[in-house]
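Engineer: Attaching a predicted model along with its sequence, questions to come.
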Amino acid sequence: KRFYAYLDKEHVMCTEVNRTFAKETSVTKKIHGDLGQTLPSAVAHPDIWRLTCDAISDPIFLHDAEFRVLLANRAYFLAAGRCEPQALGLPYWQVFPRGDGPLPECQLALTMGSSHSQEEIRVDERLFVSRGCPVKDEHGDFLYSLHIFTDITEHRSAELGLLERERWANLILDTAPEAMLVVDEQGLIIRANLSAAKTFGYEAGEMAGICIEMLLAEGLRVLHAAHRSRFMTQPQSRCMGEARHLKALRKDGREFDAELGLGPLEIDGRLFIVVSVVDITAQLKLQTERETILTEANRLVRARTDFMANMSHEIRTPLNGLLGLALAGQRSSVGRRSHNTFTRILDCGQHLMAVVNDILDIAKIEANKLTTTAAPFDLAQLIKRAVELTAECARLKGLNFRVKKSTDLPAACLGDEMRLVQVLVNLLSNAIKFTERGGITLSVSQRAGALSFVVTDTGIGMSQEQIGRLFNAFEQADSSTTRRYGGSGLGL
């Protein structure tokens with residue numbers, strides 16, 4: 001939009017320069033007409049000539065058939081840098097040296113009877129246009145030629161500057177990667193850059209004069225013409241992506257998906273539309289493929305989650321029966337050799353049940369079905385329960401197990417007791433698993449109205465890189481950890 005506003009400004013400048021130049025040309029022609037009527041008496045009476053022409057700022061002179069200057073005004077001598085005796089009687093090309101010869105073709109045409117002549121003459125750093133008008137006698141024979149020099153230096157400089165800026169503007173437009181069109185009130189294309197021609201399959205310059213609706217699929221043309229009419233009454237810029245894409249039509253009849261951007265452009269009171277077009281066929285294809293892949297991935301995730309949940313239930317049912325039998329056997333075999341066997345079966349079964357419970361929880365989390373409750377619970381009993389479930393493992397490894405509680409802990413709290421015990425047991429079990437010597441400490445304190453549980457151990461520790469991966473499902477610090485300590489990577 002800013003680019004076309006710049007072109008609009010340059011167009012206005014060019015129009016103003018041309019209007020000024022046309023006005024000067026009109027004045028020059030009038031001077032020609034007025035002076036032509038007084039020339040016979042001016043030659044006979046030079047004072048009349050000077051009185052008439054010295055007030056004119058442009059150089060004016062009169063020459064005969066041999067191109068010798070007979071009369072000239074003060075501006076002529078000032079421009080030539082010569083006094084009157086030095087300039088009169090000489091051909092004007094000797095007063096104003098030319099680089100392309102002393103006798104221009106336009107002057108030959110003038111002496112042969114042409115009505116007017118025009119040429120450009122450079123004097124030092126100034127550029128003049130010389131307009132000549134013949135004066136003839138009553139028989140039509142040539143008598144004199146009246147010339148007026150008009151300084152067009154600024155006009156030519158502005159014209160060349162405008163042409164250079166226009167060249168740069170066209171170069172920028174044609175090298176733009178997006179297809180760009182300029183459309184008038186009737187919907188006719190008045191300008192299309194090279195990218196537009198390439199996008200729609202036309203040759204350079206071939207799209208000018210084509211109705212914009214012919215670049216759309218046939219079923220959209222009537223509707224688009226109505227939209228274009230409404231846009232002309234209420235013009236407003238519209239960026240890419242603000243409207244749905246439409247079907248565009250190439251020269252060979254092939255359709256493609258296109259996205260449009262629109263911008264109003266006003267020049268000399270006329271409203272135009274600047275249209276940018278992007279072929280999004282490949283983008284839509286990629287988006288469709290991505291959506292298909294994402295849908296399939298979500299389906300596989302749901303299938304995996306459902307499978308894990310179903311299998312967890314299927315495993316838990318017989319496992320509960322197995323644990324019940326092992327517990328009964330342990331109780332009835334106290335003092336006998338089979339007691340150790342039932343104890344090992346019970347330990348292995350409980351470990352397997354913990355893994356199954358973790359898998360079921362992961363399935364619930366991925367299915368967004370894991371819920372928590374907020375209910376009052378006894379804090380001391382909760383800590384005691386978590387410690388009882390893990391302290392025996394620490395004792396068997398010869399580890400110290402300490403619990404540090406702040407004195408300001410409340411007797412009752414609000415939260416999900418079951419999930420909180422699960423988290424504490426996982427953290428404590430993890431600390432015990434990876435600690436060979438030393439001990440584990442569970443610290444409980446109150447911070448800003450909430451409870452803080454901190455588990456500290458003297459185990460192998462973790463690097464920052466391992467900590468970053470620690471809370472991913474089925475992942476542990478490294479493979480050697482899994483081989484040495486076991487585990488599924490689900491606890492945390």
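Structural biologist: Ah, there it is. Numbers count the residues shown, from 1 in each chain.

Engineer: residues contacting the nearest residue to Asp457 once chain neighbours are set aside?
Structural biologist: Using CB to CB, 6 or more residues apart in numbering and skipping residues adjacent in sequence, the residue nearest Asp457 is Ala431, 3.8 Å away. All C-beta spots, glycine's among them, are computed from the backbone N, C-alpha and C. Neighbour list for Ala431: Ile440, Val455, Thr456, Asp457, Gly459 [criterion: CB atoms under 8 Å, 6 or more residues apart in numbering].

Engineer: Now for the residues you listed, which sits with the most neighbours around it?
Structural biologist: For the contacts of Ala431, the largest number of neighbours (other CB atoms under 10 Å) sits with Ile440, at 26 neighbours.

Engineer: what is the mean pLDDT for the strand or helix carrying it?
Structural biologist: In this assignment (DSSP states H and E), Ile440 forms part of strand 439-447. Averaging pLDDT along strand 439-447 gives 93.

Engineer: Past that strand, which element shows up next along the chain?
Structural biologist: From strand 439-447 onward toward the C-terminus, using DSSP H and E, the following helix or strand is strand 450-457.

Engineer: quick one on the thing from earlier: indicate each strand paired with the strand holding Ile440 and its parallel or antiparallel sense.
Structural biologist: strand 400-405 (parallel), strand 450-457 (antiparallel) (DSSP bridges).

Engineer: Could I get the phi/psi values of the residue nearest to Asp457?
Structural biologist: In terms of degrees, to the nearest 10, the main-chain angles of Ala431 are phi -60, psi -40.

Engineer: mind checking the SS state of Asn320?
Structural biologist: Secondary structure for Asn320, judged by DSSP: H, G, I helix; E, B strand; the rest coil, is helix.

Engineer: confidence score at it?
Structural biologist: Model confidence at Asn320, given as pLDDT, is 81.

Engineer: which residues does it contact?
Structural biologist: Asn320 neighbours (CB under 8 Å, 6+ apart): Met353.

Engineer: what's next to the one helix or strand Leu382 maps to, contact-wise?
Structural biologist: Following DSSP H and E, one finds Leu382 within helix 379-396. Helix 379-396 is contacted from outside by 400-401, 403, 405, 409-413, 417, 420-421, 424-425, 428-429, 432, 439-440, 442, 444, 451, using CB under 8 Å, 6+ apart.

Engineer: Flag the shaky bits of this protein, pLDDT-wise.
Structural biologist: Within the chain, the ranges that satisfy pLDDT under 70 run 1-46, 96-118, 123, 240-244, 309, 473-492.

Engineer: still on that earlier bit, quick one: closest of the strands paired with strand 439-447 to Glu185.
Structural biologist: Closest to Glu185 of the strands paired with strand 439-447 is strand 450-457 (CB to CB; 68.6 Å).

Engineer: now the helix or strand that comes right after that closest one, how far from the chain's geometric center?
Structural biologist: Note on strand 450-457: by DSSP H and E, the next helix or strand toward the C-terminus is helix 464-469. Per CA atoms, centre = their mean, to the nearest Å, the displacement of helix 464-469 from the mean C-alpha position of its chain is 37 Å.

Engineer: Helix 464-469: which residues count as buried?
Structural biologist: By 16 or more other CB atoms under 10 Å, helix 464-469 has no buried positions at all.

Engineer: For the stretch 1-150 of the chain, which segments count as strands?
Structural biologist: In the stretch 1-150 of the chain, the strands defined using DSSP state E, counting those that start in this stretch lie at 60-63, 69-72, 117-123, 126-136, 142-151.

Engineer: which one of these has the most crowded surroundings?
Structural biologist: Of all the strands of the stretch 1-150 of the chain, strand 60-63 has the most neighbours on average by mean count of other CB atoms under 10 Å, namely a mean of 24.

Engineer: which helices and strands does that strand pack with?
Structural biologist: Applying 3 or more CB pairs under 8 Å, 6 or more residues apart in numbering; DSSP states H and E, one finds that strand 60-63 makes contact with helix 2-44, strand 69-72, helix 74-80, strand 142-151.

Engineer: try 6 Å
Structural biologist: When contacts are defined as 3 or more CB pairs under 6 Å, 6 or more residues apart in numbering; DSSP states H and E, strand 60-63 packs onto strand 69-72, strand 142-151.

Engineer: Extract the CA atoms of that strand and return them as PDB.
Structural biologist: Output in PDB follows, covering the C-alpha atoms of strand 60-63 (Å, rounded to 0.1, in the frame of the first residue of the first chain):
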ATOM      1  CA  ILE A  60      13.600  35.900 -28.200                       C
ATOM      2  CA  PHE A  61      15.300  36.500 -31.500                       C
ATOM      3  CA  LEU A  62      14.600  37.000 -35.200                       C
ATOM      4  CA  HIS A  63      16.800  35.700 -38.000                       C
END
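
Engineer: Show me which strand runs longest in this structure.
Structural biologist: strand 255-267 (DSSP state E).

Engineer: buried residues in that strand?
Structural biologist: Phe256, Asp257, Ala258, Glu259, Leu260, Gly261, Leu262, Gly263, Pro264, Leu265, Ile267.

Engineer: Pick out whichever of these sits closest to Leu327.
Structural biologist: Asp257 (67.7 Å).

Engineer: where along the stretch 201-350 of the chain do the strands fall?
Structural biologist: 246-249, 255-267, 270-279.

Engineer: mind checking which of those is nearest Arg165?
Structural biologist: Among the strands of the stretch 201-350 of the chain, strand 255-267 sits nearest to Arg165 (CB to CB), with 15.2 Å.
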